[in-house]
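> Sequence first, then the predicted structure:
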Amino acid sequence: MVLFSNCKINIGLNIILKRADSYHDIETVFYPMHWYDAVEIVPLPDNNALSASLHFTQSGLLIPGKEADNICLKAYKILKKDFPGIPPVNMHLHKTIPAGAGLGGGSANGAFTLLLINKKFNLNLSSEQLIQYALQLGSDCPFFINNQPCYAMERGEKMEMLALNLSSHSFLIVYPAIHINTAWAFSRVTPARSPKPVKTIVQQPVETWKDELVNDFELPVFSQYPQIAQIKKSLYDNGALYASLSGSGSSVYGIFSKNKVPDLKWDKNYTQKIIQ
């Protein structure tokens, strides 16, 4: 069985305060994007030599770090602990979404692995239960369980569904092959509540977002990596209605009128994705 896990963008991101547990309270809008990885699970036969263990393979883009730390494996093990009857499996992950890009690709892989195991082995877990498992994997992971536009608060796990439909627009996402350390980015932000909530701004026409909608990570990231700031400028110079860093970066996206994405030339190491 295969599921295709999509990424997301952050529309606005305000760091409100640093909590006693060292996490931060934020407010942002998560919006799903049609850019996919693939996660596959095949149960191992009882007589298979590997049947005593989980067998994992990966293709496509490389993922930094040790294979044993892959979030898909963590998702399997979290459910296996509470449901020991889940059989050993062959698991394969094919990556097309860049890692460390602020697009939540890894978080989506973990969440979709939970969804896949739940469906494949008839665990009958509710969305609320799956969200609690997803939170054990990371703050962005719960979003991908329902995978609908939402206003996210606290660590990002408290979500309120939004009737935000941007299907009448097109998107250009540019990844400049730079890894931004999230802890570093948080350390460079001075938390403060925005005078106007993100949820309020995104209910206005997209054309008004440029003047009011802010990602707090842009100031430190653009200061450290001016080439990322240049991507945002290029998107605006070429007709973007709104452009922003996603998450803590390093991807930058532009929102354009439908089918009006410009044909731009980037550095050869950059990756771009057009979503019409």
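Right, received. Where do you want to start?

> On the C-terminal side of the helix or strand residue 110 falls within, identify the next helix or strand.
Assigned by DSSP states H and E, residue 110 falls within helix 105-120. On the C-terminal side of helix 105-120, the closest following helix or strand by DSSP H and E is helix 127-137.

> how about the helix or strand following that following helix as CSV, C-alpha atoms only?
Remark: after helix 127-137, the chain's next helix or strand is helix 143-146, criterion DSSP H and E. Output of helix 143-146 as CSV, limited to C-alpha atoms (Å, rounded to 0.1, in the frame of the first residue of the first chain):
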residue,chain,number,x,y,z
PHE,A,143,-1.3,19.2,10.7
PHE,A,144,-0.9,16.4,8.1
ILE,A,145,-3.4,14.1,9.7
ASN,A,146,-6.3,16.3,8.6
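
> Now do helix 143-146: which elements does it pack against?
strand 2-18, helix 105-120, helix 127-137, strand 158-161 (3 or more C-beta pairs under 8 Å, 6 or more residues apart in numbering; DSSP states H and E). Backbone N, C-alpha and C define where each C-beta goes, glycine included.

> can we see that at 10 Å?
In terms of contacts (3 or more C-beta pairs under 10 Å, 6 or more residues apart in numbering; DSSP states H and E), helix 143-146 is packed against strand 2-18, strand 24-43, helix 105-120, helix 127-137, strand 158-161.

> outside of that helix, which residues touch it?
The contact list for helix 143-146, computed with C-beta atoms under 10 Å, 6 or more residues apart in numbering, reads 5-8, 28, 30-32, 104, 107-112, 114-115, 118, 125-135, 137, 149-150, 152, 156-157, 159, 161.

> quick one, phi psi at residue 103?
phi -110, psi 0 (degrees, to the nearest 10).

> Contacts only, for it.
Residues in contact with residue 103, defined by C-beta under 10 Å, 6+ apart, are 6-10, 33, 35, 97, 140, 173, 175, 246-247, 249-251, 253, 273.

> go on, residue 107?
Shown in contact with residue 107 (C-beta under 10 Å, 6+ apart): 5, 7-8, 71, 134, 137-144, 156, 247.

> Can you get me a residue count around the closest residue to it other than its chain neighbours?
Using C-beta to C-beta, 6 or more residues apart in numbering and skipping the chain neighbours, the partner closest in space to residue 107 is residue 140 (3.9 Å). Other residues near residue 140 come to 27 when the count uses other C-beta atoms under 10 Å.

> Mind telling me which residue is nearest the centre of the chain?
Nearest to the mean C-alpha position of the chain, by C-alpha atoms, centre = their mean, lies residue 104 at 1.7 Å.

> Now do the helices in the stretch 151-276 of the chain.
Applying DSSP state H, counting those that start in this stretch to the stretch 151-276 of the chain gives helices spanning 182-187, 198-201, 209-212, 218-224, 226-237.

> Let me have the ones you listed in a markdown table, extended by mean pLDDT, distance to residue 257 and mean neighbour count.
Listed next are these as a markdown table, based on pLDDT from 0 to 100; distance: least, C-beta to C-beta, whole Å; neighbours: other C-beta atoms under 10 Å:
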| stretch | mean pLDDT | distance to residue 257 | mean neighbour count |
| --- | --- | --- | --- |
| helix 182-187 | 92 | 31 | 14 |
| helix 198-201 | 96 | 19 | 18 |
| helix 209-212 | 96 | 14 | 15 |
| helix 218-224 | 97 | 23 | 18 |
| helix 226-237 | 98 | 13 | 17 |
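
> Take these and lay them out in TSV including distance to residue 91.
Compiled in TSV, the helices of the stretch 151-276 of the chain are given as follows (distance: least, C-beta to C-beta, whole Å):
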stretch	distance to residue 91
helix 182-187	26
helix 198-201	36
helix 209-212	40
helix 218-224	33
helix 226-237	34
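
> OK, contacts around the closest residue in space to residue 178 that isn't next to it in sequence?
Leaving out its chain neighbours, the residue that sits closest to residue 178 by C-beta to C-beta, 6+ apart is residue 250, at 4.2 Å. Residue 250 makes contact with 98, 100-103, 174-180, 185, 217, 221, 225, 227-228, 231, according to C-beta under 10 Å, 6+ apart.
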